[in-house]
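1. Build me a model from this:
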Amino acid sequence: MPTPEQVHQTILDLYGTERERYLRDARYYAIWHIREYGTVTSDDIQEAVPLPSGLHKNTTGAVFHDSRLIHCGYALSRRPQAKGRVIRVWGLRQEAA
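-> Have a look, this model is predicted:
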């Protein structure tokens with residue numbers, strides 16, 4: 001029978017795996033979207049790559065912690081729950097394009 005510490009570590013491993021899978025897929029989509037349409041926002045990602053249950057909603061922000069992406073402007077969110085707040089618009093750095 002596993003110890004409580006082993007169970008805890010298994011849960012952390014599964015969470016980390018799910019988070020990393022989400023970030024990988026969302027970054028892939030972000031780069032594709034930029035190449036197709038010129039820019040991407042968190043709204044675009046949330047529409048196309050659903051956040052797995054169990055992950056915090058702020059995980060989407062970690063998608064943009066990627067050296068290939070650069071902040072290039074602002075836009076109003078299209079999501080009703082965001083109530084028109086300002087969000088960042090992202091593009092590709094020249095060397096990543």
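
2. separation between R19 and L51?
-> 10 Å (CB to CB, to the nearest Å). Any C-beta I mention is one placed from the backbone N, CA and C, and that applies to glycine too.

3. list residues touching both of the two?
-> By CB atoms under 8 Å, 6 or more residues apart in numbering, R19 and L51 have these common neighbours: T59.

4. Spatially, what comes nearest to R78 if we skip its sequence neighbours?
-> D43 (5.0 Å; CB to CB, 6 or more residues apart in numbering).

5. and that neighbour, what is it in contact with?
-> S77, R78, R79, A82, I87.

6. min pLDDT across those residues, which one?
-> Among those, A82 carries the weakest pLDDT, at 88.

7. low pLDDT regions in this structure?
-> Across the chain, the ranges flagged by pLDDT under 70 are 8, 11-16, 96-97.

8. May I have the secondary structure class of V89?
-> Recorded secondary structure, V89: strand (DSSP: H, G, I helix; E, B strand; the rest coil).

9. What distance do you get for R21 to W90?
-> Counting by CB to CB - R21 and W90 are separated by 21 Å.

10. Of these two, which one has the most company?
-> More neighbours surround W90 than the other of R21 and W90, with 24 against 11 (other CB atoms under 10 Å).

11. secondary structure element for G73?
-> Assigned by DSSP states H and E, G73 belongs to strand 69-76.

12. Sheet partners, orientation included, of that strand?
-> strand 86-92 (antiparallel) (DSSP bridges).

13. Report the distance from the strand it pairs with to the chain centre.
-> 12 Å (CA atoms, centre = their mean, to the nearest Å).

14. who's in contact with it?
-> Here strand 86-92 has contacts from 30-31, 34-35, 38-43, 64, 68-77, using CB under 8 Å, 6+ apart.

15. Could you pick out the buried ones from those?
-> A30, I31, I34, T39, V40, T41, S42, D43, F64, L69, S77 (16 or more other CB atoms under 10 Å).

16. Correct me if wrong: the fourth one contacts C72.
-> Looking back up the chat, that one is T39. Yes - with contact taken as CB atoms under 8 Å, T39 and C72 are classed as touching, separated by 6.6 Å.

17. now the angle between strand 69-76 and the lengthiest helix in the chain, please.
-> The single longest helix within the chain, with elements called by DSSP state H, is helix 4-37. Angle, helix 4-37 to strand 69-76, by axes from the mean of the first three to the mean of the last three CA atoms, to 10 degrees: 80 degrees.
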